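[1] give me a model of this one.
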Amino acid sequence: MFEKVNPSHPDKMADRIAGAMVDAAYRKENNPRIAVEVLLGHGVCHIIAETSVYIPQDEVESIVHRIAGRLRTDYVEVPQDRHLADNQEGKIRCGDNGIFKGMPVNREQKALCEIARCVYHTYPYDGKYILDGARLILCQSNARSQHLKELYPHAEINPLGDWTGGTDVDSGATNRKLGSDMADSVTGGGLHGKDLSKADVSVNIYAWLKAQETGKPVQLVCAIGDETVDGITYAEIVETARKYIQSLGGFEKFAEWGLVR
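    Next up is the predicted model:
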């Protein structure tokens, strides 16, 4: 049983905006400190960024308009807490407390990801999809339901009828679709809108990659300030996550489909 949402779902728009702001911070500094929360819907996008890097209002608005349309942007930017900043002085240390469980992706989850991508390629609008054994549910806005029925004759298509979707129908918030992004993996935090020093990003990615490599669950725990996790330096874990994010094209690209893609 697995549920997947596409990049135009309002929650994923929020994740993508947060990711794009992290990308902007990395263009300005090699190792910025930033954490972004986004709440959007019904004509407005609220953003709070705790950051070591100044991101101008017009740059933030440009990100919002590109991803979510011309929403009014309410942006608050504040410095990162001094204690958190001091934790990274002189050495790369774990940037948060956390629990992390990476799980191998199974065939059902891979199959639904492929279906979601195929539907989204044709209909690049708000959509949500579920696969539970033989039961396939496709909720896709701005789509021709009959066309989807021809492509997936055994699927349940838009149970309430055709719909428009988007931020005029539903609100969106960062890290609200972690089930879609992580499947059976578990985290105490959120994947999106944070720099690589944050364990919620780097240790989650590391645990997930190791689970795919070994085919077995990977369970990790860390405390803020730890210099090693899973017997290797935190700096190595950060670099593993950095290479993974770069391979996808950045934090916004990571946010589009999450870890399970």
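[2] quick one: the helices in the chain, in order.
    10-28, 57-68, 82-87, 107-122, 145-151, 178-182, 199-214, 234-248, 251-257 (DSSP state H).
[3] nearest to I137, of the ones you listed?
    helix 107-122 (10.1 Å; C-beta to C-beta). (C-beta placed from N, C-alpha, C; glycine too.)
[4] which ones are touching A255?
    A255 makes contact with 7, 12, 15-16, 18-19, 191-192, according to C-beta atoms under 8 Å, 6 or more residues apart in numbering.
[5] again with V64
    17, 40, 45, 47, 71, 73 are the contacts of V64 under C-beta under 8 Å, 6+ apart.
[6] try it again with 6 Å
    V64 makes contact with 17, 45, 71, 73, according to C-beta atoms under 6 Å, 6 or more residues apart in numbering.
[7] ok, W208 next?
    102, 185, 259.
[8] which of those sits closest to F251?
    Closest to F251, out of all of those and judged by C-beta to C-beta, is L259, at 13.0 Å.
[9] and the closest one, how many residues sit next to it?
    Neighbourhood size, L259 [other C-beta atoms under 10 Å]: 23.
[10] do the same with V218
    So V218, with other C-beta under 10 Å, has 20 neighbours.
[11] one more: the one 5 residues further on?
    Counted with other C-beta under 10 Å, residues neighbouring A223 total 12.
[12] any idea how far the residue lying closest to it once chain neighbours are set aside is from V229?
    In this structure, A223 finds its nearest non-sequential neighbour in N97, 5.3 Å apart by C-beta to C-beta, 6 or more residues apart in numbering. N97 sits 12 Å away from V229, going by C-beta to C-beta, to the nearest Å.
[13] how about G249?
    26 Å.
[14] for S197, same thing?
    For S197, the distance to V229 - C-beta to C-beta - is 13 Å.
[15] likewise for Y26?
    Computed as C-beta to C-beta, the Y26 to V229 distance reads 22 Å.
[16] ok, M1 touching A134?
    No: assessed by C-beta atoms under 6 Å, M1 is found out of contact with A134, at 11.6 Å.
[17] these two: who's more crowded?
    M1 (12 against 6).
[18] where in the stretch 51-200 of the chain is pLDDT low?
    The stretch 51-200 of the chain contains no residues with pLDDT under 70.
[19] okay, N97 and V229: which has more neighbours?
    Shown here are N97 and V229; by other C-beta under 10 Å, V229 has more neighbours (22 against 15).
[20] got the contact list for stretch 141-154?
    Residues contacting stretch 141-154 (C-beta under 6 Å, 6+ apart): 123, 125-126, 138, 157-158, 162-165.
[21] now intersect those with the strands, please.
    Applying DSSP state E to the contacts of stretch 141-154, the entries found in strands are 138, 157.
[22] relative to A173, which of the contacts of stretch 141-154 is nearest.
    Among the contacts of stretch 141-154, D126 lies closest to A173 (C-beta to C-beta), at 14.8 Å.
[23] could you tell me how many residues sit around the closest residue to that closest one other than its chain neighbours?
    Closest residue in space to D126, ignoring its immediate chain neighbours: G165 at 3.0 Å, by C-beta to C-beta, 6+ apart. Using other C-beta under 10 Å, G165 has 21 neighbouring residues.
[24] got the contact list for G165?
    For G165, the contacting residues are 125-126, 141, by C-beta under 6 Å, 6+ apart.
[25] same list, the helices of the chain, but as a markdown table with distance to A223 please.
    Formatted as a markdown table, the helices of the chain follow (distance: least, C-beta to C-beta, whole Å):
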| stretch | distance to A223 |
| --- | --- |
| helix 10-28 | 24 |
| helix 57-68 | 33 |
| helix 82-87 | 11 |
| helix 107-122 | 31 |
| helix 145-151 | 48 |
| helix 178-182 | 22 |
| helix 199-214 | 9 |
| helix 234-248 | 11 |
| helix 251-257 | 25 |
